[in-house]
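Chemist: Here is a sequence with its predicted model. Questions after.
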Amino acid sequence: MRRLPLLLLVLVATLARAELPETDWLDLLPPEDRQALEDMPEISHDTPEADGNFAAKGGLKQGQDMPPVMYSSHTVAALNGKRLRLGGYPVPLETDAKGRSTLFFLVPYPGACIHVPPPPPNQIVLVRYPKGIRLDDIYNPLWVSGALKVEKVSNDLADAAYALDAQQVRLVEDSDMP
């Protein structure tokens, strides 16, 4: 009879360490946006920003001459409230007194704040993480876990169609790679 509680404790401890399943960025796109991105023509990167000249605010905001899908805030309603794990790259917005990032955008590719074109709003997630994480290099990918919300967010830097109140944020490690 003593073995049952011990087995139960081991199971609970194992489940507590288990991570949520990984969600692919493409899963954040409704089918029509996914198809539109696949069908999109080549985009020119010949802009002042591509050369590192950032005179204007809004480094993640879209220019006015992009295909409509690049401005899309269309979301997948079934993801609202879903607990998931998303891998991506941080664009820091706010830090705490100890220099840890507590608010940042998560984007699907590194350097989205300086590359042209930036992702569409439905490929940008605002992450709230009051516990904070030290981000020494924005080119180091992160795993972010928590409940995703369909939530439109707009600030001077970017527009996002999703937000996530993170329960866990950690750097991707070599052992995470297949």
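Modeler: Noted; the coordinates are in hand.
Chemist: Which stretches in the chain count as helices?
Modeler: Counting by DSSP state H, the chain has helices at residues 3-17, 31-39.
Chemist: Can you tell me which of the ones you listed has the worst average pLDDT?
Modeler: Within those, confidence is poorest for helix 3-17, with a mean of 49 (mean pLDDT).
Chemist: Would you indicate which residues of stretch 80-99 are buried?
Modeler: 84, 85, 86, 87, 88, 89, 90, 91, 93, 95 (16 or more other Cβ atoms under 10 Å). (Each C-beta comes from the backbone N, C-alpha and C, glycine too.)
Chemist: Which ones among the residues you listed lie within strands?
Modeler: When those are checked against strands using DSSP state E, the ones located there are 84, 85, 86, 87, 88, 89, 90, 91, 93, 95.
Chemist: Any chance of JSON lines for those, columns distance to residue 157?
Modeler: Output for those, formatted as JSON lines (distance: Cβ to Cβ, whole Å):
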{"residue": "84", "distance to residue 157": "24"}
{"residue": "85", "distance to residue 157": "24"}
{"residue": "86", "distance to residue 157": "19"}
{"residue": "87", "distance to residue 157": "21"}
{"residue": "88", "distance to residue 157": "16"}
{"residue": "89", "distance to residue 157": "14"}
{"residue": "90", "distance to residue 157": "12"}
{"residue": "91", "distance to residue 157": "7"}
{"residue": "93", "distance to residue 157": "7"}
{"residue": "95", "distance to residue 157": "15"}
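Chemist: So for these, which is the shakiest by pLDDT?
Modeler: Among those, residue 91 has the lowest pLDDT, at 93.
Chemist: If you drop the residues flanking it in sequence, what lies closest to that one?
Modeler: residue 105 (4.1 Å; Cβ to Cβ, 6 or more residues apart in numbering).
Chemist: can you count the residues close to the one you found?
Modeler: 26 (other Cβ atoms under 10 Å).
Chemist: ok, it - contacts?
Modeler: Residues in contact with residue 105 (Cβ atoms under 8 Å, 6 or more residues apart in numbering) are 60, 90, 91, 93, 112, 124, 125, 126, 127, 157, 158, 160.
Chemist: re the thing from before, looking at the buried residues of stretch 80-99, spot the one nearest residue 66.
Modeler: Nearest to residue 66 among those: residue 91, at 18.9 Å, using Cβ to Cβ.
Chemist: and the gap between the closest one and residue 39?
Modeler: Distance from residue 91 to residue 39, counting by Cβ to Cβ, to the nearest Å: 27 Å.
Chemist: Likewise for residue 85?
Modeler: 29 Å.
Chemist: What of residue 97?
Modeler: To residue 39, residue 97 is 48 Å away according to Cβ to Cβ.
Chemist: quick revisit: any chance of TSV for the contacts of residue 105, columns distance to residue 68?
Modeler: What follows is the contacts of residue 105, written out as TSV (distance: Cβ to Cβ, whole Å):
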residue	distance to residue 68
60	18
90	28
91	23
93	27
112	20
124	17
125	21
126	22
127	26
157	21
158	18
160	18
